[in-house]
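**Q** what's the 3D shape of this:
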Amino acid sequence: MERSVKGKTIALVQGDLTELEVDAVVNAANAQLVLGGGVAGAIRTKGGPTIQEECDLVGPVEVGEAAITGGGNLKARHVIHAVGPRMGEGDEDRKLQKATANSLLRATENKLRSMAFPAVSTGIFGFPKDRCARIMLHEVKRFLEEEPTTLERVLFCLWSEEDLAVFRKAFQSLMPR
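**A** Numbers count the residues shown, from 1 in each chain. Presented below is the predicted three-dimensional model:
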C-alpha cells in the first residue's frame with residue numbers, strides 16, 4: 001500500500017527491516033544507543049559490530065532525537081537511531097513525533113533518497129501501536145508536504161501481519177485515495 005505526497009512516496013510493507021534496499025533503516029533506539037533486542041538486535045546481528053562501535057561514539061542521545069551511523073553489513077548504507085519514548089515517562093506523543101521528525105531531518109541532512117521506519121517505541125517501550133501509527137504517519141506526511149527534503153520514498157516496514165493491519169488502518173484514514 002502506498003500513496004504519493006507532493007511527488008514523494010509513503011508506503012507500508014511487511015517484512016524484515018534489515019533486508020530492505022534503502023539508503024537508511026531506522027533503529028528503534030534507546031538513549032544509550034546500545035543495540036539490544038528487537039529491531040536493534042536484528043540490526044546488530046545482521047549489520048555487524050561496526051554499527052555499535054559508531055553508536056558508542058555518538059551516544060547517548062536524548063529521547064526525541066535521532067543520530068545516524070553507517071549501515072555496516074546491512075543492505076542499507078546508514079542506520080538512523082531514533083530514540084522514542086517509554087510509555088509512562090510523560091509527553092510520549094510529542095516525543096515520538098519529534099523522534100520521527102528528527103529521523104527525517106537526519107536523512108535529509110545526509111542527502112538520502114529512501115528510508116524505512118519500524119513501529120518505534122512499540123516493543124519493550126510499550127507504546128500503543130495504533131497511536132504510534134497515527135503519530136508517525138502524520139509526521140512523515142507533514143514533513144514531506146512542508147519541509148525541503150531529498151527524500152523520495154519513505155517506507156514503514158512492519159514485522160507482523162497484525163502490525164501491518166494497524167498501520168494500514170491509520171494510513172487509510174490519514175491518506176484516503
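**Q** thought residue 147 was touching residue 107?
**A** No. Taking contacts as Cβ atoms under 8 Å, residue 147 lies outside contact range of residue 107: 11.0 Å. Using the backbone N, CA and C atoms, a C-beta is placed for each residue, glycine as well.
**Q** Looking at those two, which has the bigger crowd around it?
**A** residue 107 (26 against 12; other Cβ atoms under 10 Å).
**Q** how about the strands of this protein, start to end?
**A** Secondary structure of the chain (DSSP state E): strands located at 2-5, 8-14, 24-29, 66-70, 78-83, 114-117, 153-158.
**Q** and of those strands, who's closest to residue 133?
**A** Of all the strands of the chain, strand 153-158 sits nearest to residue 133, with 8.0 Å by Cβ to Cβ.
**Q** Pick out the residue closest to the middle of this structure.
**A** Taking Cα atoms, centre = their mean, the centroid of the chain lies closest to residue 117, which sits 2.9 Å from it.
**Q** wait, what's in contact with that residue?
**A** Neighbouring residues of residue 117 by Cβ atoms under 8 Å, 6 or more residues apart in numbering: 26, 82, 100, 103, 136, 140, 154, 155, 156, 157.
**Q** hey, where'd the helices end up in this protein?
**A** Secondary structure of the chain (DSSP state H): helices at 38-47, 49-58, 92-109, 129-146, 161-174.
**Q** before we move on, the earlier item: so which of the contacts of residue 117 would you say is closest to residue 7?
**A** Using Cβ to Cβ, the contacts of residue 117 come closest to residue 7 at residue 154, 12.7 Å.
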